[in-house]
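Participant: quick one, what's the 3D model for this:
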Amino acid sequence: MALHPEARRAVAAAAGQPGVHEPGYDIALARAEARAAAAAGRREEVAEVRDVDAGGVPARLYLPDGYDGVVLHAHGGGFVFNDVDVHDAAARRLANRSGMAVLSVDYRRPPEHRFPAAPDDVTTVLDWATGAPGLAGRPLFAHGDSAGANLALVAALRRPGVLAGVVLIYPFLDPTASFDSYRTAADGFEPAEAAWYWQQYASGPEDLTDPDLAPLRSARLGELPPTLIVTAEHDPLRDEGEHLALLLADAGVEVIASRALGQVHGFWRHAEVFPAAEALTRQVAGWLRQHRG
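Facilitator: Take a look at the predicted model:
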């Protein structure tokens, strides 16, 4: 299927921007620009939003009226970019659509803090949520997009039996970039960029085979709770996410996988650009409500 019109426009706009892997790329400037763009965007009201210290890790808690579950959210951005402010609008939408509390983790990022800082932070917040006032005793889910989906998956694998479900939006899982979609579906997201993200994240070559960094290598996938995986058709990460779905199904995990046709990597966060983002958020919200018990 061809790219949807908004996806074509996004790919064309990205073509004129410097790639993260190019010499001299300014990480600090890119982070600042993303925060400024997010601050200028539209944000929905949520009944209560507050920043919390979640076991020593900063996080932001969104509490819609009458919330009846908790979603731990790990943001995407190649492990290097984005934060709770950049993902604020998306977290608000998720809280409002699902009717659940959303706990967005401000995990440490490379290259300043390399692996395993990020998964350690997400796991710490997960542990904190299991006993936090107002959250303890409620169905608890993990959710993430891209690199955040990697972190959500790793947290679920580290804490078997804790979560009611896991939601992975175009997960970033394979440091070897060995799947065909890196060559056939890399619209607006070059394989060289993906390789650069892994280089920033890993502390050394040996980390690239650690299941806490590359969870497709985990021997414990069969211990996962019900899982929803969503991929984008025109995304180099498509095949690794769909391969994970097959691994989970073979391991006996309750798994649902869907592919967003005509869409590119990153569409979920940008509801103002991609109409499919709202539909996906509602899909996720429905799945969460179905599995809250």
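Participant: and the helices in this protein?
Facilitator: 5-15, 27-40, 88-98, 117-129, 147-158, 181-184, 191-201, 238-250, 275-290 (DSSP state H).
Participant: for those, which one sits closest to R269?
Facilitator: Nearest of the helices of the chain to R269, taken as Cβ to Cβ: helix 88-98 at 4.9 Å. No exception for glycine: its C-beta is placed from N, CA and C like everyone else's.
Participant: name the helices or strands packed onto the closest one?
Facilitator: Helix 88-98 is packed against strand 57-63, strand 70-74, strand 101-105, helix 275-290, with contacts defined by 3 or more Cβ pairs under 8 Å, 6 or more residues apart in numbering; DSSP states H and E.
Participant: what count of nearby residues applies to the residue nearest to A271 when sequence neighbours are not counted?
Facilitator: Leaving aside its sequence neighbours, A271 sits nearest to A277 (Cβ to Cβ, 6 or more residues apart in numbering; 4.0 Å). A277: 21 surrounding residues under other Cβ atoms under 10 Å.
Participant: need the contact list for A277.
Facilitator: Contacts for A277 (Cβ atoms under 8 Å, 6 or more residues apart in numbering) come out as F267, W268, R269, H270, A271.
Participant: what's the answer for R282, then?
Facilitator: R97.
Participant: try 10 Å this time
Facilitator: When contacts are counted by Cβ atoms under 10 Å, 6 or more residues apart in numbering, R282 touches R93, R97, S98.
Participant: the last one contacts W287, correct?
Facilitator: Yes. In terms of Cβ atoms under 10 Å, S98 counts as a neighbour of W287; the distance is 9.1 Å.
Participant: got any residues that touch both of these two?
Facilitator: F141, V167.
Participant: ok, the two, which is more surrounded?
Facilitator: For S98 versus W287, neighbours defined as other Cβ under 10 Å are more numerous around S98 (26 against 19).
Participant: E278 and H4, how far apart?
Facilitator: E278 sits 14 Å away from H4, going by Cβ to Cβ, to the nearest Å.
Participant: neighbour-wise, which of these two wins?
Facilitator: H4 (20 against 14).
Participant: quick check: the gap between A285 and G144.
Facilitator: Taken as Cβ to Cβ, the span from A285 to G144 is 16 Å.
Participant: so which of those two has more stuff around it?
Facilitator: The neighbour comparison of A285 against G144 (other Cβ under 10 Å) goes to G144, with 28 against 20.
Participant: residues contacting that one?
Facilitator: Contacts of G144 by Cβ under 10 Å, 6+ apart are 72-76, 105, 122, 150-156, 166-172.
Participant: from the contacts of A277, which is closest to I229?
Facilitator: W268 (12.7 Å).
Participant: where are the low-confidence patches of the stretch 101-250 of the chain?
Facilitator: For the stretch 101-250 of the chain, applying pLDDT under 70 flags no range at all.
Participant: might one say that P236 is in contact with Y197?
Facilitator: No. Contact criterion Cβ under 10 Å: P236 and Y197 do not qualify, at 11.6 Å.
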